[in-house]
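Q: Sequence plus predicted model, see below.
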Amino acid sequence: MKNAFWIFILATLSGCIYSFTGSSVPPHMKTISIPLMQDQSGFGEPNLKEELTKKLTDLFINDNTLSIADRSTADAIIEGTVVAVSDAPIVIEKGEKVDSRRITISTRITLQDLQLRKMMWEKDFANWGDYKTGNFEERQKAITEALRKISEDILLQTVSNW
């Protein structure tokens, strides 16, 4: 009986505690524009900016907090640039053979309130995806994974940090 009590107490104390420091999006903000991101990374990955823009747009559509709109009618705008992409070894086997690599994508993103004509935030977002060395298909999946994570971070920053 005593053990059950302590297990209950420990489970309660170690459980997830949620804290909502932000609030919802301001009431005047109903639409957002997401123009094509820029790519200044010099990495040479084709379609990187298109894929980031599409992932971010799709997330906003699925989230349904803000509707996607053209810049001329939007209440807010997210603009961004891929500033760096690295492809570095993470697992090295015997004989210094690289087994796995990590793609890390870094971006600089801004959110502007077009109604109030002010910058809401400017922030760097970076994330990663891993793949087996020499596997082009896995490398593409790693890039997609990094972009997915960055897009999720941008969405959360946009809709929950007010």
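A: Looks like it came in fine.
Q: got the residue ranges for the helices in this protein?
A: 2-14, 48-63, 136-160 (DSSP state H).
Q: low pLDDT regions in this protein?
A: The chain contains residues with pLDDT under 70 at 1-23, 161-162.
Q: Mind putting the helices of the chain into a markdown table with mean neighbour count?
A: Backbone N, C-alpha and C define where each C-beta goes, glycine included. Listed next are these as a markdown table, based on neighbours: other C-beta atoms under 10 Å:
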| stretch | mean neighbour count |
| --- | --- |
| helix 2-14 | 9 |
| helix 48-63 | 17 |
| helix 136-160 | 18 |
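Q: among these, which is nearest H28?
A: Proximity to H28 (C-beta to C-beta) singles out helix 136-160 among the helices of the chain, at 14.6 Å.
Q: Geometric centre of this structure: which residue is closest?
A: Centroid check for the chain by C-alpha atoms, centre = their mean gives I150 as the closest residue, at 1.8 Å.
Q: For it, give me its contacts.
A: I150 makes contact with L52, I105, T107, F125, A126, N127, according to C-beta atoms under 8 Å, 6 or more residues apart in numbering.
Q: if we can go back for a sec, quick one: which of the helices of the chain is nearest V25?
A: helix 136-160 (5.7 Å).
Q: so the closest one versus helix 48-63, what angle?
A: 50 degrees (axes from the mean of the first three to the mean of the last three C-alpha atoms, to 10 degrees).
Q: how far is helix 136-160 from where the chain is centred?
A: Here helix 136-160 is found 5 Å from its chain centre; the criterion is C-alpha atoms, centre = their mean, to the nearest Å.
Q: Count the residues that sit near Q115.
A: By other C-beta atoms under 10 Å, the residues close to Q115 number 14.
Q: coming back round to it: okay if I get the helices of the chain as JSON lines plus distance to P27?
A: Below are the helices of the chain laid out as JSON lines (distance: least, C-beta to C-beta, whole Å):
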{"stretch": "helix 2-14", "distance to P27": "37"}
{"stretch": "helix 48-63", "distance to P27": "17"}
{"stretch": "helix 136-160", "distance to P27": "13"}
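Q: can you pull up the bridge partners for the residue nearest to V91 when sequence neighbours are not counted?
A: Counting by C-beta to C-beta, 6 or more residues apart in numbering, V91 lies nearest to S100, which is 3.9 Å off, once chain neighbours are set aside. S100 has the following beta-bridge partners by DSSP bridges: V91, K132.
Q: mind listing what S100 touches?
A: P89, I90, V91, D130, Y131, K132, T133.
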